[in-house]
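# One predicted model, sequence on top.
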There are 2 protein chains.
Amino acid sequence: MRDAYLAGAAQTDFGSFPDESYRSLFRTAFERASESVPNGLDADDVDEAVVGTLGVGGRQLGLSGPATTEHVGLHGVPTTRVENACAASGYAVRQAVQAVRSGMADVVLAGGVEIMTDASGDATKYWLGVSGETEWERLSGTTFAGVYAQMADAHMAEYGTTSEQLSHVSVKNHRNGASNPHAQLGFECSLDDAESAQTVADPLTLYHCCPTSDGAAAAVVVSEDVVGEYTDDPIRIAGVGAASDAVGLFQRDSYTGIEASRRAAETAYDRAGLGPEDVDFAEVHDCFAIAEILAYEDLGFCEPGEGGDLVASGATALDGDLPVNPSGGLKSKGHPIGATGAGQVAEVFKQLSGEAGDRQVEDATRALTHNVGGSGGAAVVHLFERESGVEA
Amino acid sequence: MRDAYLAGAAQTDFGSFPDESYRSLFRTAFERASESVPNGLDADDVDEAVVGTLGVGGRQLGLSGPATTEHVGLHGVPTTRVENACAASGYAVRQAVQAVRSGMADVVLAGGVEIMTDASGDATKYWLGVSGETEWERLSGTTFAGVYAQMADAHMAEYGTTSEQLSHVSVKNHRNGASNPHAQLGFECSLDDAESAQTVADPLTLYHCCPTSDGAAAAVVVSEDVVGEYTDDPIRIAGVGAASDAVGLFQRDSYTGIEASRRAAETAYDRAGLGPEDVDFAEVHDCFAIAEILAYEDLGFCEPGEGGDLVASGATALDGDLPVNPSGGLKSKGHPIGATGAGQVAEVFKQLSGEAGDRQVEDATRALTHNVGGSGGAAVVHLFERESGVEA
């Protein structure tokens, strides 16, 4: 099967944009992604498109894929909407890889978009709630903050993880995000800010929770047969893994890890012939601070129970051994559901192209993205490798 | 790239099932699809799953893929929900083909499910409406019946197509559906019944419109490397094509054909090295009677403008030269949005396996499925070939 390459990727600013629509946001992401391709990309080059969205706030529930891509000048190409809650566009990128490897497309646009901030509080809760397990979790009143709070509680009880360790995630990600012009909450916060903020769902404070966001992101995935037309510095998608799990947390054996993340990572590492020790930096799904700590453990960056120590040690800071979320992550950059997975890929492209400015990870050749749907009902992991870096 | 094969497929009854959930319906479809595989299929064999649904009536909008597959015993496998309105599970089957051809999976479950009948009239209109173009069509009050009525009007004006020809579609499909135990409206109707029924959206009468339905369907797509484990009588997925178009009818150049269907068919025929003359029977997207007439023309079964004559001639009846919708089609069998595309594939599997009973198409070797999203914002066409039939 043919290898797939990342030829370009970009995102809009994430934030609250009352003057934008899902179409205008996606158009900006597409235009920037096209411009990010070293040798350029025309809309006519695109063979296929995959759009991840939870539902663009209810505006266009059906056919939101074609409704999005028609607005960016993709006329007639097969366009599929995919949805796996917060992992929607991570799965869109994976589907683009399958399309390329299948031989059915050479140039695939994979992106995502969400509008969240113009809904009322209740509507936002509804739209988020319907990504949780409906019959038991949502109808019993649980929110996502509540579900992740249960995971934090369990991790604290089993491993002695502390609130301060959770706050270290927030401090690190806000510090990184302060250097990211696309970040919604692009300001630094102190350990005390995070610790003393109001409680959202005990033990999670406001600073342990990502915001709701509007935004879009897009990636250009191409086949090995055409990658030379688009770039002289190819980034190979070295491995892809995905897995599902019971959608309701209460139906899982463990609250102290996300089994879908573990399985997705294992598959991605296997396919790439790489391990966690080969990863130079990672963009992981930190919807809540505990989620980044779980990600460290599930992705093999440390042993189970050691995630809290890892972040507190500074190892995952921008100047640490394994920088995590140099973009600021969902916490600081923002989390427009359907755009998040492709947004992670946009950061990887920028970093591996050496264009991340003040938040550049030095000597980065290999990167990992990790995108989770719901509280772990779905997860998808990609490994990227800049080939010139490997040969050097 | 590896070829993909259809190892099995089945559906639930389509109809109104107040005692069923989207999960229980999909489970029935999965169990029947597993049993339909000649050498059997265990849930553990499945590497990946793709679920098409518009949104199961709003019950589980996010993660409805994993929420569906966890209930049928698929634990941990990558599960993606895809949505292209009424073409959702046609695209699910296409994605299964890509997954197999990509080398990333050997056995893929592709299916779909929808619950529609327990919503109130207004809710149903909302759920259907949000598959139309929202900003101009839905918010101006147009329904799908209204959009297809405009197409019928245009076809009548340009080609002289008559109401009676539309009614011939209904009479034929009800006759076929009367032999299908899964059909929601499994009774015959006369030309006079169809002509004299109340008008829904002029010129379309009640008998020119498909019902709203609950139901599920599932197909098992496998690679050429493992097909021999599952069947001694392989059905190859010889060609796949898909295309998008402007979601709003008002933005298209022509109302007398569906450009996405034409492009999807052209791609599928090209990939298969086949033409319309090679097709022994077809399951086409007859959400409204005019849609079947457009399908004849868009798929190359006749010239533009000749579709009305074709159905009136009897050529597409079960005993005609090219039987269309032997299952009864959306009109008689029913149209549970997300299940329809996979339901067409279920009929193809039954027919090519020689197990369609009273509605069996004689000597059928090659079949086509045609699934449309919305009023033509998306379309997907598959060509199937029973290999033993070709060799004989």
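That came through fine.
# The nearest residue to residue A:227 once chain neighbours are set aside: how many residues sit nearby?
Of all residues not flanking residue A:227 in the chain, residue A:5 sits nearest, at 4.3 Å (CB to CB, 6 or more residues apart in numbering or on different chains). Yep, even glycine has a C-beta here, placed from its N, CA and C like the rest. By other CB atoms under 10 Å in any protein chain shown, the residues close to residue A:5 number 24.
# before we move on, what SS does residue A:5 have?
Secondary structure, DSSP: H, G, I helix; E, B strand; the rest coil: residue A:5 is strand.
# For it, name its beta-bridge partners.
Beta-bridge partners recorded for residue A:5 (DSSP bridges): residue A:222, residue A:236.
# residues in contact with it?
Residues in contact with residue A:5, defined by CB atoms under 8 Å, 6 or more residues apart in numbering or on different chains, are A:221, A:222, A:223, A:224, A:227, A:231, A:234, A:235, A:236, A:237.
# who's in contact with residue A:113?
Residue A:113 makes contact with A:22, A:25-26, A:29, A:51, A:53, A:56, A:68, A:215-217, A:336, A:338-339 under the criterion CB under 8 Å, 6+ apart.
# 7 Å instead, please
Contacts for residue A:113 were tallied using CB atoms under 7 Å, 6 or more residues apart in numbering or on different chains; they are A:22, A:25, A:26, A:53, A:56, A:68, A:216, A:338, A:339.
# circling back to that earlier point, do you know how far the residue nearest to residue A:227 is from chain B?
15 Å (CB to the nearest CB, to the nearest Å).
# And residue A:319, by the same measure?
35 Å.
# Number of residues surrounding that residue?
Other residues lying near residue A:319 total 9 when counted by other CB under 10 Å.
# what's the answer for the one 5 residues further on, then?
Residue crowding around residue A:324 was assessed by other CB under 10 Å; the count is 29.
# What sits closest to it if chain neighbours are left out?
Excluding the flanking residues, the one nearest residue A:324 by CB to CB, 6+ apart is residue A:316, at 4.0 Å.
# Surely residue A:383 touches residue A:276?
No - using CB atoms under 7 Å, residue A:383 is not in contact with residue A:276, being 10.2 Å away.
# more neighbours, these two?
Shown here are residue A:383 and residue A:276; by other CB under 10 Å, residue A:383 has more neighbours (25 against 15).
# Tell me how far the spatially closest residue to that one that is not a sequence neighbour lies from residue A:155.
Computed as CB to CB, 6+ apart, the closest residue to residue A:383 that is not its neighbour in sequence is residue A:239, at 4.0 Å. Between residue A:239 and residue A:155 the distance is 27 Å, computed by CB to CB, to the nearest Å.
# try residue A:219
In this view, residue A:219 and residue A:155 are 32 Å apart by CB to CB.
# same deal with residue A:61?
As judged by CB to CB, residue A:61 and residue A:155 stand 36 Å apart.
# just the contacts of residue A:5 now: which is nearest residue B:388?
Taking CB to CB as the measure, residue B:388 lies nearest residue A:223 of the contacts of residue A:5, at 34.0 Å.
# Looking at residue A:239 and residue A:155, which has the bigger crowd around it?
Set side by side, residue A:239 and residue A:155 show more neighbours around residue A:155, with 25 against 21, by other CB under 10 Å.
# is it true that the more buried one lies in a helix?
Yes - under three-state DSSP, residue A:155 sits within a helix.
# Confirm residue A:49 sits in a strand?
Yes - according to three-state DSSP, residue A:49 belongs to a strand.
# Could you verify my assumption that it touches residue A:109?
Yes - counting by CB under 7 Å, residue A:49 touches residue A:109, with 4.4 Å between them.
# Give me the common contacts of these two.
With CB under 7 Å, 6+ apart as the test, residue A:49 and residue A:109 both reach residue A:74.
# Please name the residues that touch the residue nearest to residue A:324.
With contact set as CB under 7 Å, 6+ apart, residue A:316 has these partners: A:172, A:310, A:322, A:323, A:324.
# Mind pulling up the pLDDT for it?
As predicted, residue A:316 sits at a pLDDT of 98.
# Near chain B, which residues of the stretch 251-392 of chain A are found?
Within the stretch 251-392 of chain A, the positions near chain B by CB under 7 Å from any CB of the partner chain are A:263, A:373, A:374, A:377, A:378.
# Return the residues in contact with the residue lying closest to residue A:274 once chain neighbours are set aside.
Excluding its sequence neighbours, the residue lying closest to residue A:274 (CB to CB, 6+ apart) is residue A:383, at 6.0 Å. The contact partners of residue A:383, taken as CB under 7 Å, 6+ apart, are A:238, A:239, A:268, A:272, A:274, A:366, A:368.
# Surely residue A:383 is within a helix?
No - judged by three-state DSSP, residue A:383 forms no part of a helix; its state is strand.
# Pull up the gap between it and residue A:280, please.
Residue A:383 is 11 Å from residue A:280, where distance means CB to CB.
# Please enumerate the shared neighbours of those two.
In contact with both residue A:383 and residue A:280: residue A:366, using CB under 7 Å, 6+ apart.
# residues in contact with the residue nearest to residue A:3 when sequence neighbours are not counted?
Leaving out its chain neighbours, the residue that sits closest to residue A:3 by CB to CB, 6+ apart is residue A:224, at 4.4 Å. Neighbouring residues of residue A:224 by CB under 7 Å, 6+ apart: A:2, A:3, A:5.
# Now do residue A:224, the pLDDT please.
Confidence for residue A:224, expressed as pLDDT, is 98.
# can you tell me the helix or strand for the residue nearest to the spatial centre of chain A?
For chain A, the residue sitting closest to the mean C-alpha position, by CA atoms, centre = their mean, is residue A:341 at 3.2 Å. Assessed by DSSP states H and E, residue A:341 sits inside helix A:340-352.
# Where do the strands of chain A begin and end?
Secondary structure of chain A (DSSP state E): strands located at A:4-11, A:48-52, A:79-83, A:107-114, A:199-201, A:204-205, A:215-223, A:235-244, A:281-283, A:366-373, A:378-386.
# Good, wrapping up.
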